Structures are given as C-alpha cells and as structure tokens.
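Chemist: Next input, structure requested:
(one chain, ligands or ions: 1)
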Amino acid sequence: MGISLPGCGPDSTPFRRAIVTGGCGFVGSHLCDLLLDSGVDVVCVDNFLTSTADNVVHRQPDDRFELLIHDVTDPISIPGDVDLVLHLASPASPQDYLRLPVETLQVGSLGTFNALEVAREKQARFVLASTSEVYGDPLQHPQRESYWGNVNPVGPRSVYDEAKRFAEAATTAYRTKHGVDTAIVRIFNTFGPRMRAEDGRAVPTFIRQALTGEPLTVTGDGSQTRSLCYVDDTVRAILAVAAGSQPGPVNLGNPAETTVLELAHLVRELSCSAAPIEFIDRPADDPGRRRPDIALAWEQFGWKPETDLRKGLSTTIDWFATQLNDTAARER
Ligand code: NAD
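Modeler: Below you'll find the predicted structure:
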C-alpha cells in the first residue's frame, strides 16, 4: 500500500495483535494491510455478507494473518491476547443495506455488543466504525461532532443510520459502565481500489460506466455535492485514532466538496472515456450536501487527508481497469 502508521512500524507499533471485524470488505481489507505492514498481527473476522475473500487473498500466505469466517452477530471467541478491536462489520452501501435491512440492524446492535465483549474480555482498545449517516439529512453544514443529526427513524435509510446510532450508544455504555477503552470514528464517503463495481455508490458506478463506454448516469441535475476521502487517508486516520486515547466521536473525511456532475466529468476525463453523461431521476433519499468538519481530528490526532481527488481517482480507475481486463481475459 505504500503507507505506514505514523509513529508506528515494526519496532514502535503500540499494538501486537488486532481483530478487524468486516476485514474482508473495502475499508477493512485496507486496514488489515496497514496493520500487517506496521508489524501488527491481524485476525480478520468476516462472514462474506457483502464481500468475498478476494480482498485479503494476498495476505493469506502470511502466518501473522488469520481469517475467521464468522457472523459477528454470534458471540466471538478468539484465543490469545488481543490489544485492539476494530469493528467495521456492517453493510455500508445504500444498495446493500436496503437489500439487507434486518442484517444491518442486527450487526449494528448484536454484532457491536459481541465486538465490545471481546474488547472487554481482552482489555483491548475498541474502535467503532460509525458513519456520517448518523447526521441524517443534516440541518447544519458542515457537520461537527457536536451536532446530533436529523434522522427519520422510519425513513428509507433508517436501518443503517439507526443501527450506527445504536452502535455509538452501545460503545459509549461499555466505556462508562464497563471501563472499556473505546473510540468512535464517524467516517464520511471513502473511495478507492477494492470497492465493488456494482455497489451503487457514485465513484465505482461512474468508473465502471466510463471504462465500459456506458453513459455515466448523473442523478437529478448533478448539483448535489459529495466529499470524498481516499481510502489510504481513511485507514491512516482510523489507526491514528486507535493509537490515541480519546473516545471521540471524531469525524474522518475529506472536506473538499465536489458536485456529482463535476465528479462524472472528472472520471470521464481521467479514464480517457468518450462515454456520454445521462441525467436520471434522483432517489428521494439522496443526501443533498454532506461535508465533515475535521478540526477535531487534526487537533487530537494530527490527521488530515493528503490525497487529492484527481490522484485518488486515477489510482482507483487504474485498479478497476486491471480488474475489468482480468475478468475479460478469464472469460476469453
Ligand atoms: P463493505 O461492505 O465493503 O465491508 C463490510 C464488511 O463487513 C464485509 O466484508 C461484510 O461481509 C462484513 N460483514 C457484514 N456483516 C457481517 C457480520 N454479521 N459478521 C461478519 N462480517 C460482516 O463496506 P465498507 O465500505 O468497507 O465499510 C466498512 C465499515 O465502514 C462499515 O461499518 C461502514 O458502515 C463504515 N463506513 C464506510 C464508509 C465508506 O465510504 N466506505 C463510510 C462510512 C462508514
């Protein structure tokens, strides 16, 4: 991956062995890579609900990496010492959580309790991967951690938003009641290699369309904005928070805002694609604007994103192009 944990490395990492729930997913697999590259042994726990082993297959020959195929809504039992639990297991793309509403609520509730129990048993630092979706359809812009959000508990996105809000409450209760050393990170839109081409989010959708010559489908008039953070920056931030002692919640994201239409044009340009842009209906629950205020992440953890959108998109486009070529070669 070419990045390492600040202040950490094989000789100085504060952790020896970490559990990553959801470690086969997009963000989780990059976290497994960064931990292993920083000298931390990894137990990756995943049930392949929205992933396969593809994202971690390159790590499997390493005996410092263990893959446990397990549903974290069932109690988690892992022998040996563990000093860090990173809880990422959860469907994350709207397409996935709308298809898997009950599983999403269960992993946010039962799964979070089980992950917290392991941290309590092992006396490990615990980090919950929460989301900007806890702010719902925000009435404040940009969003600060002190904002409580504007979520409709019976709205279309509620299964995800409320699962994460519950997970934040459970994490806070384990800190106050059981003294577990917890932290909450609120991750904003992240993109990069290993996203699934069909997961429905704007970046992989535009890249897939641009590379295959299909029209890039912009919803509405494309004036709605996104704040997109490259995955290397996100995982570096998660581990910076893990290595600290503050509980959060802390926003992690890139405050640079771009409109969806600008994003489509940029993907088209960077892919050297002649595919047209087509305007389609905008989903009712599509967020208009969301942008993180990341002053706290900078103040407490010295973190800010370093990869600009063009650079991150170019790397991501290259990765998708290789995947598409490999698939085409296999089919020949
Ligand atoms: P992903 O779907 O790629 O990964 C989620 C992983 O969790 C998958 O490997 C899935 O199989 C696993 N999983 C789901 N339910 C499970 C269960 N019951 N037991 C074991 N494993 C289970 O999603 P992602 O984009 O990598 O997101 C990872 C985490 O980060 C999620 O918690 C998500 O809410 C959070 N997050 C991501 C983003 C983003 O932009 N990607 C933004 C905000 C928050």
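Chemist: Please say whether there is contact between stretch 237-251 and the ligand.
Modeler: No. For a cut-off given as CB under 6 Å from any ligand atom, stretch 237-251 has no contacts with the ligand; the smallest distance is 8.9 Å. C-beta coordinates here come from the backbone N, C-alpha and C atoms, glycine included.
Chemist: Not including adjacent chain positions, what is the nearest residue to the residue of the stretch 1-150 of the chain found nearest the ligand?
Modeler: When scored by CB to the nearest ligand atom, the stretch 1-150 of the chain has residue 25 as its residue closest to the ligand, at 1.9 Å. Closest residue to residue 25 in three dimensions, ignoring its sequence neighbours and counting by CB to CB, 6 or more residues apart in numbering: residue 51, at 4.7 Å.
Chemist: what pLDDT does the one you found get?
Modeler: Looking at residue 51, its pLDDT is 97.
Chemist: how about the helices in this protein?
Modeler: When secondary structure is read from DSSP state H, the chain shows helices at 26-37, 94-99, 101-106, 112-122, 158-178, 202-212, 231-243, 260-270, 295-301, 309-331.
Chemist: For the first one, name the packing helices and strands.
Modeler: Contacting helix 26-37 under the criterion 3 or more CB pairs under 8 Å, 6 or more residues apart in numbering; DSSP states H and E are the following elements: strand 17-21, strand 41-46, helix 231-243.
Chemist: can you put these in JSON lines and add mean pLDDT?
Modeler: JSON lines is the format used below for these (pLDDT from 0 to 100):
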{"stretch": "strand 17-21", "mean pLDDT": "98"}
{"stretch": "strand 41-46", "mean pLDDT": "98"}
{"stretch": "helix 231-243", "mean pLDDT": "97"}
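Chemist: Dump those to CSV, plus mean neighbour count and distance to residue 111.
Modeler: Conversion of these to CSV gives the following (neighbours: other CB atoms under 10 Å; distance: least, CB to CB, whole Å):
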stretch, mean neighbour count, distance to residue 111
strand 17-21, 26, 7
strand 41-46, 25, 10
helix 231-243, 24, 18
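Chemist: Around the ligand, pick out the residues from the stretch 101-250 of the chain.
Modeler: Looking at the ligand, the residues of the stretch 101-250 of the chain close enough under CB under 6 Å from any ligand atom are 107, 111, 129, 131, 187, 189, 190.
Chemist: Tell me which two in these are the farthest apart.
Modeler: The span of those, defined through CB to CB, is set by 111 and 189 at 22.3 Å.
Chemist: Looking at those two, which one has more neighbours?
Modeler: The residue with more neighbours, out of residue 111 and residue 189 and counting by other CB atoms under 10 Å, is residue 111; that gives 28 against 19.
Chemist: List the contacts of the more buried one.
Modeler: Residues in contact with residue 111, defined by CB atoms under 8 Å, 6 or more residues apart in numbering, are 21, 72, 73, 87, 89, 90.
Chemist: per-residue confidence for it?
Modeler: On pLDDT, residue 111 comes in at 98.
Chemist: Quick one: residues contacting the closest residue to it other than its chain neighbours.
Modeler: For residue 111, ignoring the flanking residues on the chain, the nearest one in space by CB to CB, 6+ apart is residue 72 at 4.1 Å. For residue 72, the contacting residues are 21, 45, 47, 87, 89, 107, 110, 111, 114, 115, by CB under 8 Å, 6+ apart.
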